[in-house]
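1. Need coordinates for the following:
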Amino acid sequence: MKETKINVSVYIATSLDGFIARPDGDVSWLHEVEPIEGGDDAGFGEFFGSVDVLVMGRGTFEKVLEFDWPYGAMPVIVLSRSLTEVPKKLRDRVRIEAPTPQVLLEKLSQEGFKRLYLDGGKVIQSFLREGLVDDMTLTTIPVLIGEGLPLFGRIDKDIKLRLLECRSWNNGFVQSKYQVLN
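-> This next block holds a predicted model:
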């Protein structure tokens, strides 16, 4: 169980059938849906402004590298045992680590970070299994993709959640924010 002072938050979108990407990691389906009227970003900007460090897995990092870097100067930790190098243009804000989730949280807490944004299916799953996630904001996109990379995987025990907020938009997005209770 978590004993550090850093808050761990998940903010992620899934297909209605619970996938975060197609089996090959493709996320183009996220961009093929009708946008929210009025340019609303479903609260992502406000959320992103509330975190001070981002932790993601190797697969998520490699996917993000295909786009313009969306995280500005936000410090980013990539959890990987196989990556050895960060692209030169990102070395001032991205570092590769391979500790356990608990050890990473202790280290980041000692470095003064207060709220961590957790991204990437396997990384989210590992933090959940260790009881290290405080809250999750899940945006369900109204599309069925049939197969892919699931947001949630195997767990050893039930993880209880408390619904804090639920919103919906005219394009069919449904967003639920949960507090993780255990």
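
2. what residue ranges in the protein are flagged as low confidence?
-> Under the criterion pLDDT under 70, the flagged ranges of the chain are 1-4.

3. which residues does the spatially most central residue of the chain contact?
-> Closest residue to the average C-alpha location of the chain: residue 119 at 2.2 Å, with CA atoms, centre = their mean. Neighbouring residues of residue 119 by CB atoms under 8 Å, 6 or more residues apart in numbering: 10, 11, 12, 54, 55, 56, 57, 60. For every residue, glycine as well, the C-beta is placed using N, CA and C.

4. before we move on, what about residue 98?
-> If you count contacts by CB under 8 Å, 6+ apart, then residue 98 has 79, 80, 81 around it.

5. Could you find the closest non-adjacent residue to residue 99?
-> Closest residue in space to residue 99, ignoring its immediate chain neighbours: residue 107 at 6.9 Å, by CB to CB, 6 or more residues apart in numbering.

6. what about that neighbour, helix or strand, and which?
-> Residue 107 belongs to helix 101-110 when assigned by DSSP states H and E.

7. just the strands in this structure please.
-> For the chain, the strands defined by DSSP state E occupy 7-15, 19-21, 53-57, 76-79, 94-97, 115-119, 135-141, 149-150, 161-168, 174-180.

8. Adding distance to residue 38, write these out as TSV.
-> Formatted as TSV, the strands of the chain follow (distance: least, CB to CB, whole Å):
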stretch	distance to residue 38
strand 7-15	18
strand 19-21	26
strand 53-57	27
strand 76-79	30
strand 94-97	33
strand 115-119	25
strand 135-141	16
strand 149-150	31
strand 161-168	14
strand 174-180	16
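
9. Can you give me the distance of the residue sitting furthest away from the middle of the chain to residue 169?
-> In the chain, the greatest distance from the average C-alpha position (CA atoms, centre = their mean) is reached by residue 38, at 24.7 Å. Residue 38 sits 9 Å away from residue 169, going by CB to CB, to the nearest Å.

10. How about residue 19?
-> Separation of residue 19 from residue 169 (CB to CB): 20 Å.

11. These two: which is more packed in?
-> residue 19 (22 against 17; other CB atoms under 10 Å).

12. still on that earlier bit, just the buried members of the contacts of residue 98?
-> Buried members of these, counted by 16 or more other CB atoms under 10 Å: 79, 80.

13. closest to residue 140 among the contacts of residue 98?
-> If you rank the contacts of residue 98 by distance to residue 140 using CB to CB, residue 79 comes first, at 25.6 Å.

14. Who is that closest one paired with across the strands?
-> The partner list for residue 79 in beta bridges (DSSP bridges) reads residue 57, residue 97.
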